[in-house]
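In: Mind looking at a prediction? Sequence and model below.
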Amino acid sequence: MKICFITATLAGGGAERVIANLSNEMTSRGHQVTILLTTEKVVEYSLNERIEVIQVSNRTSHGIKERINRIRNLRRFFKMHKDFYYISMPTDTNIFVLLASIFLKINLIISERNDPNQYEHRIIRNVLYCLAKKIVFQTKDASLCFSKRLQKLGKIILNPVSETLPMPYVGTKEKRIVAVGRLDEQKNHKLLIDAFSCFVHENPEYKLDIYGRGSLQENLMNQIRKMDLEANVSLRGFSKDVWSEASNAMMYVLSSDYEGMPNSLLEAMAMGMAVVSTNCPIGGASMLIEDRVNGLLVPVNDRKKLYEAMSFLANNPDVAECYSKEALKIRENLSVKKICDEWLEYILD
């Protein structure tokens, strides 16, 4: 098949990682895969050399003329390649793709990748989504944010575990806590640092490494300095090989206010790490974690509960090891081969 993924850029992020993983797997099966980028041709993920990456427009400055130009370029591509199966994500990209595809009979799947309640222009999105013939949701809760008509169009497909993920670390774990995610409000690293400031008083040998980049880097650095945590907390920036660097950490913590299907949590579990996560909407964390079986769930924005969960794992290494072994099962259950099978089946349905 000829399969074309459409997204803004491959500069990092959950949807982009899923596209990279699925593209590589589909290409390895002999399918012809193209990736259309609608803002900038930046590729932070390793792609099979047979995958063609095309930039169809530039990042807009919210001007009408630039947006119309993006729609025009997408529409031109669709007309020239009607035999492709198109997969678009996330929401902002879906809006442009749906507008560009009006009255064109193309095979198009759109995918919702975050908490739908957080999208600013929900009315416009919901109207345009009615133009779609197929929708992929990451969680049941996400699908329930939409009309019954759109729910009937949808299928729930979880994110895959990349085959390039390193093997789980074997040996004594370092007294280190790891978090991975953009430095923005959604990820709520401020909460994590606050909770760690309590945790480290009782566990001064522990370090906290936060991987990611974003607009709040300076704010978080100021918080770290104000709390006198420079010796224990580090902002590590973006890393293409984060799990090779972080695999020997004692635990992984996700402190987000909301998520779709959090890739970093999924991958930490597949690395056999003990995990703590906020039980955040839109249900991705609770689909991955069975509380006190393969990890710990805590309420959103609750510093005390987050601190207590980290302390529990640090003080109960045998329990943490049991959680780690259970978490490892996700590596097989959500293998890229299995998830790719679901996508290909849905494409042809």
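Out: That came through fine. Residues are numbered from 1 along each chain as shown.

In: Now do stretch 257-264: everything it contacts.
Out: Stretch 257-264 is contacted by residues 14, 17-18, 112-115, 117-118, 138-139, 142, 158-159, 179-181, 185-188, 252, 254, 256, 265, 277-278, 280-282, 284-285, 287-288, 300-301 when judged by Cβ atoms under 8 Å, 6 or more residues apart in numbering. Heads up, the C-betas are built off the backbone N, CA and C, glycines and all.

In: same check, this time on stretch 45-64
Out: 10, 16-17, 20, 23-24, 27-28, 32-41, 43, 66-67, 69-70, 73-74, 77, 164, 240.

In: Which of the contacts of stretch 257-264 fall within helices?
Out: 14, 17-18, 142, 265, 284-285, 287-288 (DSSP state H).

In: Out of those, the closest to residue 105 would be?
Out: residue 18 (26.4 Å; Cβ to Cβ).

In: what about the closest residue to residue 269 other than its chain neighbours, how many neighbours?
Out: Distances taken as Cβ to Cβ, 6 or more residues apart in numbering place residue 327 nearest to residue 269, at 3.8 Å, with adjacent residues excluded. Taking other Cβ atoms under 10 Å as the criterion, the count of residues near residue 327 is 27.

In: hang on, residue 327 packs against residue 295?
Out: Yes: under the criterion of Cβ atoms under 8 Å, residue 327 makes contact with residue 295 at 6.0 Å.

In: Now do the shared contacts for these two.
Out: Common neighbours of residue 327 and residue 295, counting by Cβ under 8 Å, 6+ apart, are 269, 274-275.

In: Just the closest of these to residue 235, please.
Out: The closest of those, once distances to residue 235 are taken by Cβ to Cβ, is residue 275, at 20.5 Å.

In: For that closest one, identify the helix or strand it belongs to.
Out: strand 274-278 (DSSP states H and E).

In: What of residue 5?
Out: strand 2-7.

In: Against residue 110, how distant is residue 135?
Out: 6 Å (Cβ to Cβ, to the nearest Å).

In: if you skip the residues just before and after it, what's nearest to residue 191?
Out: Counting by Cβ to Cβ, 6+ apart, the residue nearest residue 191 is residue 255, at 4.8 Å.

In: Residue 137 now?
Out: Residue nearest to residue 137 in three dimensions, not counting chain neighbours: residue 143, with 4.3 Å by Cβ to Cβ, 6+ apart.

In: in the stretch 51-200 of the chain, which spans are helices?
Out: 64-80, 91-100, 122-129, 140-143, 148-153, 189-202 (DSSP state H, counting those that start in this stretch).

In: Same list (the ones you listed) but as a markdown table, adding mean pLDDT, mean neighbour count and distance to residue 171.
Out: A markdown table is the format used below for these (pLDDT from 0 to 100; neighbours: other Cβ atoms under 10 Å; distance: least, Cβ to Cβ, whole Å):
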| stretch | mean pLDDT | mean neighbour count | distance to residue 171 |
| --- | --- | --- | --- |
| helix 64-80 | 94 | 15 | 50 |
| helix 91-100 | 97 | 22 | 42 |
| helix 122-129 | 96 | 15 | 47 |
| helix 140-143 | 97 | 20 | 38 |
| helix 148-153 | 93 | 13 | 47 |
| helix 189-202 | 98 | 21 | 23 |
